[in-house]
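**Student:** mind looking at a prediction? Sequence and model below.
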Amino acid sequence: MAGYLQQSQLPDCLRQNLKITSQEGTTVDIETGKTLSGLPDVTAAVRFQMRVQAGQRSRVVFCDVIFVFLGRVEARVTLIQLDSVPDPALERGIVRQLRDKLSRQ
């Protein structure tokens with residue numbers, strides 16, 4: 001499974017399977033999906049940039065999906081933030097806590 005997550009097609013595969021439920025009058029468009037690098041101790045990570053439109057209002061939403069595998073244990077973290085990318089320091093801290101927890105299982 002880890003090998004599959006490290007393939008270059010991962011953002012497109014996740015994008016095709018991403019289910020977005022919109023309320024009436026709201027649209028969600030996935031503008032980009034790309035593999036993230038530079039996060040230590042991460043098996044794979046993908047960032048999606050989406051545009052959410054509700055009536056006349058439009059917002060950019062960033063969604064980072066981070067996969068961490070340790071031995072036989074697999075975990076996924078999803079961070080969603082409006083208007084700017086999630087803070088890399090926050091992501092590193094979350095991954096560190098997750099790996100610490102997984103290593104105790």
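**Tutor:** Good, I have the coordinates.

**Student:** any idea of the mean pLDDT for the helix or strand where residue 31 lies?
**Tutor:** Per DSSP states H and E, residue 31 falls inside strand 26-35. Here strand 26-35 scores 86 as its mean pLDDT.

**Student:** give me the number of residues near the nearest residue to residue 31 once chain neighbours are set aside?
**Tutor:** Nearest residue to residue 31, sequence neighbours excluded (C-beta to C-beta, 6 or more residues apart in numbering): residue 49, at 4.8 Å. Every C-beta, even on glycine, is put in place using the N, C-alpha and C of the backbone. A count of neighbours around residue 49, defined by other C-beta atoms under 10 Å, yields 15.

**Student:** can you pull the contacts of the most centrally placed residue in the chain?
**Tutor:** Of all residues in the chain, the one closest to the mean position by C-alpha atoms, centre = their mean is residue 65, 1.8 Å from it. Going by C-beta atoms under 8 Å, 6 or more residues apart in numbering, residue 65 touches 14, 45-48, 76-78.
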